[in-house]
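Colleague: Okay, structure incoming, though there's no sequence with it:
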């Protein structure tokens, strides 16, 4: 049995779980839907800051300020025109209407057109 929540309206919604998505949400004070947790590797840095620590702090700030809409419970996200439907691990469905959608990670996101360009960049971490 699915429990449905009423539709909510947001001007802009960000989808993604990496550091860039969290930073964009924080900078623009925009709601965030985390479709996949993607914290940076421990060795990654952003200027003088450890990227993983920054990710955890941003995750906490966005959650406590109400901008992290679903937490980390989203199983899949369906996009249809200007409506987003998110089903969670607790068999709940949340629906949002939005004018602008920024997608940083399309994993578990359905209803999108095929990608125009494939990502050719990779990060290799190796140590002894």
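Modeller: Structure's in. What do you need? Here the structure is a predicted model, which means the values were calculated and not measured.
Colleague: Kindly state the beta-bridge partners for residue 14.
Modeller: Going by DSSP bridges, residue 14 is paired in beta bridges with residue 32, residue 102.
Colleague: residue closest to the middle of this structure?
Modeller: Closest residue to the average C-alpha location of the chain: residue 16 at 2.4 Å, with CA atoms, centre = their mean.
Colleague: ok, for it, nearest residue in space, not its chain neighbours?
Modeller: Nearest residue to residue 16, sequence neighbours excluded (CB to CB, 6 or more residues apart in numbering): residue 104, at 2.9 Å. Every residue, glycine included, has its C-beta placed from N, CA and C.
Colleague: Grab the nearest non-local neighbour of residue 110.
Modeller: Closest residue to residue 110 apart from its sequence neighbours, by CB to CB, 6+ apart: residue 78 at 4.9 Å.
Colleague: Mind listing residues that contact the strand or helix carrying the one you found?
Modeller: Using DSSP states H and E, residue 78 sits in strand 74-80. Here strand 74-80 makes contact (CB atoms under 8 Å, 6 or more residues apart in numbering) with 15, 33-35, 84-89, 101, 108-112.
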